[in-house]
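Visitor: 3D, please:
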Amino acid sequence: MPTLRSSSSQLHSSSSPSSVSSPLHRIVAGGPRGLSASSSSSVTVPCDDRDLDQASDGDSESLSAGEGSDFEDNLRRNVKKRAAKRPLRTTPVAKHPKKGARMVHAHGQRESEPPASDLFDAVKAAKSDMQSLVDEWLDSYKQDQDAGFLELINFFIRSCGCKGTVTPEMFRKMSNSEIIRHLTEQFNEDSGEYPLTAPGPSWKKFQGSFCEFVRTLVYQCQYSLLYDGFPMDNLISLLTGLSDSQVRAFRHTSTLAAMKLMTSLVRVALQLSLHKDNNQRQYEAERNKGPGQRAPERLESLLEKRKELQEHQEEIEGMMNALFRGVFVHRYRDILPEIRAICIEEIGSWMQSYSTSFLTDSYLKYIGWTLHDKHREVRLKCLKALKGLYGNRDLTSRLELFTSRFKDRMVSMVMDREYDVAVEAVGLLILILKNMEGVLTDADCESIYPVVYASNRALASAAGEFLYWKLFYPACEARVAGGRERRRSPHTQRTFFHLLLSFFVESELHDHAAYLVDSLWDCAGPQLKDWESLTSLLLEKDQSLGDVQESTLIEILVSSVRQASEGHPPVGRVTGRKGLTPKERKIQADDKVKLTEHLIPLLPQLLAKFSADAEKATPLLQLLSYFDLSIYCTRRLEKHLDLLLQQLQEVVVKHAEPAVLQAGAHALYLLCKPEFTFFSRVDFARSQLVDLLTDRFQQELEELLQSSFLDEDEVYNLAATLKRLSAFYNAHDLTRWELYEPCYRLLQKAVDTGEVPHQVTLPALTLVYFSILWMLNRISGSDASQPLSPQKQLLSLKGRMVAFCELCQSCLSDVEPEIQEQAFVLLSDLLLIFSPQMVVGGRDFLRPLVFFPEATLQSELASFLMDHVFIQPGELGSGHSQEDRLQIEKLHQRRRLLAGFCKLLVYGVLEMDAASDVFKHYNKFYSDYGDIIKETLTRARQMDRSHCSRVLLLSLQQLYTELLQEQGPQGLNEFPAFSEMRDLARRFALSFGPQQLQNRDLVVVLHKEGIKFSLSELPPAGSSGQPPNLAFLELLSEFSPRLLHQDKQLLLSYLEKCLQRVSPDSSCTWGPVTTYRHSLSPVENTAEASPQGYPRSKKRRIEGPSRQHREDISSSQEESLRLNSIPPTPTLTSTAVKSRQPLVGLEEMEEEGGSELAFTQGQPRLGTRRSRSSSPQHFQTPVNASGPGLGNRLTRLSLMEEDEEELEIQDESSEEWQGTGKEAALVPVPPFTPFSTLGCLLPGRKWEKHGSLPPASTGWTS
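Guide: Next comes the predicted model:
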């Protein structure tokens, strides 16, 4: 059958249909139905959006569908850019007039305006049946063709958001371009919204109703008006003209209508093709009959029918070619991403529904090119369109050339920065893997495997499905020929787990199998929940698993149990879901019962086999957290509980590693709940274990206290016993064993003599700490109405706490860094717990326990912070080496220490002035501790704004004094440390925010105190040098933009008075004084005062009052100036028609809103400023024409805008840091997140590699 490239479709293609002389006008004049080229010139309609597409006439011809495959041909062609203005040509329509073409006669035309809003309101309401609505219009059209067609035209005009209508007079006398220009002039809405983009419930369903109307219109007309010629051809002509408009609303709406019209025509063409095939079969069957049975009338009618179907098909192909060449070829690269997305979505549907004509390389190239689009929605539509094609195995044979050209791009989109695009890309590659064998190479697959460890669960699950189909399905599922029962055979399951082990161990992509299990859970959940196969592999005697494989298999077992029991992914993986559905909760409950019943008898066996290995015993003990422990009672499984308790005791006695001890203590805690009937049995086992450990501790402690020397074994045994007791004291109340006194004696000896090894001191500190906390817990939970019983306990607890704090304070000066850090952590926690906030919530009886640290303790804490936290670490590498991991762990520890100190500041335990020791390192250590210090600064400002500002000034003064003592007063501002102080002062100034009136008093006081400090020390007598602290004024100048104008004048006067007292003669020549005066000057140029390396952002030019007038305004009047007295900026809409602006006016307009025209052209505009990333620009204030010396000044509003923009720059930098370093520091085990590639740019070399040309003149591909 002929396709759209068939020569039977006699079309005159054009790329600028908006300039066509109105076909309606020619029909009225009695001309032929075919449209000829018009000599009318192009009408350029300037508008605010300036979002012209970059289509060119030459390009449209080279990219049209009539050329066949151009993957190779286009490489040999030169694609020309369209000039700014070109003569416009005709709209493509069928060459010959069709049968029954209607003529519109001017004499019969009604002069009244048609009811333009009837169809529009009905479609907008979407309450009536669309088929009946179209039938009503068809009836009105048959009664009066001219009025009916005008009603249809005005429906599309109203759907664009235009209030204007096409009148019968315009209908007769004006060309298409003149009609569109007239409508553009009437498009005077105040906002850029139109029905397709308007918010609100009334417009929410408009697009769907609009598309349904177009579809129904073609469906109802496919046997009548569709081949009439007059309505459809002229509707296509109008939509093609509107789609080439500069007005976004016209272009967007008409493109949507044209593409939906094209989709409906494709369905009609498909039906015609089927009818032609049926007709051909009937004709062949009739002709093959014998001479006596053949019916000549039947053959003649079939021939007539085939001729009619052929004519109809040619007409449909003519209309489709008109829409494709006139609309799609230009709009698929429109500046508006919504329009590009519409085009790509519709061409994908054409290829799926009518693959015979559209699934060719000449159409596929548009999807391939648009895979590089910068907008996520367009890339998403491309991938979805391709998924529809690759999902049909019958169509994949036609996609081989396209796949070879664009496979690299499709694979690279797995790393797209948008998660949903990356998910679709993985889904597309899964279809290619299934339906096109051998296309994806091993290198392609290896680039997808790491994504299974991505932080986004949707993407990780998609990658897990790819991994399943690539690695597991061929080995496990392909062997199964007998259905689902054989698929679950033990041999198949063993193969699955062996493959899973080999992938995880050999790939070395991640250290935690929990993320791999979660990625495979959706596609391989039944296999992962086969705990029988897992445990049988682990308990096998003659197994071939190595040590690493056993550890990995145990981790897989625990991860699958946790996933089935809890139903949520591991830590650090984002799901986006809020909860489980009732069906999922039911499955979760059933799985929990099944796994508990299966693992309760086997857990003691697993512990018995792997109890010697702490790395394997730890996750096995964690299994109890996911059990339904009531099954021990209901299923009479107490004998297995006894075996478990025995193995638990053996594990605790064997090991001294913190992880396994914590797991054992937590497992015993889960079983020691009074509601369980077996509580007494577990409590007895716990008492036996603690008695054993306590007896050992008492014996070993006596040996330590009596002897002067201990060998390594004795030290190890005592340290191991203390570690076991400390781990259990954390989860269980061991107060009745009275461990405080012996541990305190041990610590006292360590402090007094220093003879106790640090391996023993560390767990002893933790034991005493837990002892105090459990005692506090008992007192807090007791009845406060009995004052006699708790008073003695309160005094005892207070004494123990104070004594322990003194011990920890002594340990801060210990020679061992580990003891120092442990003492600091415990001390900061105790000070916070026993702070005044402990009486909140009706616990006034605990007031005697409130403890305030002395000044010496506060200074020691601050000194420890300086020595152990604010130190320069070594350079961090890729993070994969052992040294890098050690540095990361040390950074975590330092962050923990700093967080403990900052909590003491925030809760008022330490004086706020101590925060200066933290704030002065804000800039220098921003990458390591920026989030902690920023939060502390925010909380401190919420507590006391005035005191917080004084602390900021104190921080700068301390840094300045330190630098002065090191380097001396000469040339102080030339040192790099001074530049760092300026950066810190700028960061402090930004923290005040744009609220100038709210912070007015604070900033003024800060300036005055800063001036006093800078002039506090005088130069030596008889010396002409400047005061040693004078350079501090340069730091103070960073806070000047936060001042109001009148405050600047007052501070200038204050500065002059202070300078007169210091040095009346030479003060005017001092550099810091000049810099500070300049920052306070009313005519100060903010950009000029900006230090190098910090470009000011672009600001609007707002004229302030003249100097003479400003001097006449009193300070009180100036305070009450109304900001809204500034003339408002005129609203820029996408539909306003503007006259051409001179260059000066264009400069100001582009500074305000920017121009989409310049964006599409990809060239710098005249009069625009440089971007923020360029070097600082010193813009000149325009001189007022009223006289010399009078210039425009920035008003308070412009200063506030400047502050807000500076804050935006600062927030962007902080958010960038928080998206990397902070998250990596706070998440215990961050999963691999490979999303740094930019999947939207389109380099030219890429096209040479693909063997096809990119779309010419597209601004978004530069």
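Visitor: check contacts around residue 218.
Guide: 226, 261, 264, 265, 267, 268 (Cβ atoms under 8 Å, 6 or more residues apart in numbering). No exception for glycine: its C-beta is placed from N, CA and C like everyone else's.
Visitor: what separates the residue nearest the centre of the chain from residue 858, distance-wise?
Guide: Nearest to the mean C-alpha position of the chain, by Cα atoms, centre = their mean, lies residue 418 at 7.4 Å. Distance, residue 418 to residue 858, by Cβ to Cβ, to the nearest Å: 50 Å.
Visitor: Residue 592 too?
Guide: In terms of Cβ to Cβ, residue 592 sits 51 Å off from residue 858.
Visitor: Check residue 980 too.
Guide: Distance of residue 980 to residue 858, given as Cβ to Cβ: 27 Å.
Visitor: In terms of neighbours, single out the busier of the two.
Guide: Using other Cβ atoms under 10 Å, the more surrounded residue of residue 980 and residue 858 is residue 858, with 18 against 14.
Visitor: nearest spatial neighbour of the more buried one, skipping sequence neighbours?
Guide: Of all residues not flanking residue 858 in the chain, residue 910 sits nearest, at 5.4 Å (Cβ to Cβ, 6 or more residues apart in numbering).
Visitor: Can you check my assumption that the one you found lies in a strand?
Guide: No - per DSSP: H, G, I helix; E, B strand; the rest coil, residue 910 lies outside any strand segment and is coil.
Visitor: My read is that it contacts residue 902, right?
Guide: No - Residue 910 lies out of contact with residue 902 (Cβ atoms under 8 Å); the separation is 9.6 Å.
Visitor: which helices and strands does whichever strand or helix holds residue 318 pack with?
Guide: In this structure, residue 318 sits in helix 296-323 according to DSSP states H and E. On a contact count with 3 or more Cβ pairs under 8 Å, 6 or more residues apart in numbering; DSSP states H and E, helix 296-323 meets helix 230-243, helix 248-287.
Visitor: ok, back up a step: tell me, what's the model's pLDDT at the residue nearest to the centre of the chain?
Guide: Model confidence at residue 418, given as pLDDT, is 94.
Visitor: how much space is there between it and residue 380?
Guide: Distance from residue 418 to residue 380, by Cβ to Cβ: 8 Å.
Visitor: Can I get stretch 650-669 as PDB, trimmed to CA atoms?
Guide: The C-alpha coordinates for stretch 650-669 follow below in PDB (Å, rounded to 0.1, in the frame of the first residue of the first chain):
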ATOM      1  CA  GLU A 650      28.200 -19.100  74.600                       C
ATOM      2  CA  VAL A 651      28.500 -16.300  72.000                       C
ATOM      3  CA  VAL A 652      28.700 -13.600  74.800                       C
ATOM      4  CA  VAL A 653      31.300 -15.500  76.700                       C
ATOM      5  CA  LYS A 654      33.400 -16.100  73.500                       C
ATOM      6  CA  HIS A 655      33.500 -12.600  72.100                       C
ATOM      7  CA  ALA A 656      34.400  -9.100  73.200                       C
ATOM      8  CA  GLU A 657      33.600  -7.200  70.000                       C
ATOM      9  CA  PRO A 658      31.100  -4.400  70.600                       C
ATOM     10  CA  ALA A 659      28.900  -5.300  67.700                       C
ATOM     11  CA  VAL A 660      28.300  -8.900  68.700                       C
ATOM     12  CA  LEU A 661      27.900  -8.000  72.400                       C
ATOM     13  CA  GLN A 662      25.300  -5.300  71.500                       C
ATOM     14  CA  ALA A 663      23.400  -7.800  69.300                       C
ATOM     15  CA  GLY A 664      23.400 -10.400  72.100                       C
ATOM     16  CA  ALA A 665      22.200  -7.900  74.700                       C
ATOM     17  CA  HIS A 666      19.500  -6.600  72.400                       C
ATOM     18  CA  ALA A 667      18.300 -10.200  71.600                       C
ATOM     19  CA  LEU A 668      18.100 -10.900  75.300                       C
ATOM     20  CA  TYR A 669      16.200  -7.700  75.900                       C
END
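Visitor: Need the residues that contact that stretch.
Guide: By Cβ under 8 Å, 6+ apart, stretch 650-669 touches 607, 611-612, 614, 617-619, 621-622, 624-625, 648, 682, 685-686, 689, 692, 719-720, 723-724, 727-728, 730-732.
Visitor: Now the buried members of the residues you listed.
Guide: 607, 611, 614, 617-619, 621-622, 624-625, 648, 682, 685-686, 689, 719-720, 723-724, 727-728, 730-732 (16 or more other Cβ atoms under 10 Å).
Visitor: buried sites along the helix holding residue 318?
Guide: Per 16+ other Cβ under 10 Å, helix 296-323 contains these buried residues: 302, 305-306, 309-310, 312-323.
Visitor: Just want the angle from that helix to helix 248-287.
Guide: Relative orientation of helix 296-323 versus helix 248-287 (axes from the mean of the first three to the mean of the last three Cα atoms, to 10 degrees): 160 degrees.
Visitor: any idea of the angle helix 296-323 forms with helix 230-243?
Guide: Between helix 296-323 and helix 230-243, the angle comes out at 20 degrees (the same axes, to 10 degrees).
Visitor: Just give me how far helix 296-323 sits from the chain centre.
Guide: With Cα atoms, centre = their mean, to the nearest Å as the basis, helix 296-323 stands 54 Å off its chain's centre.
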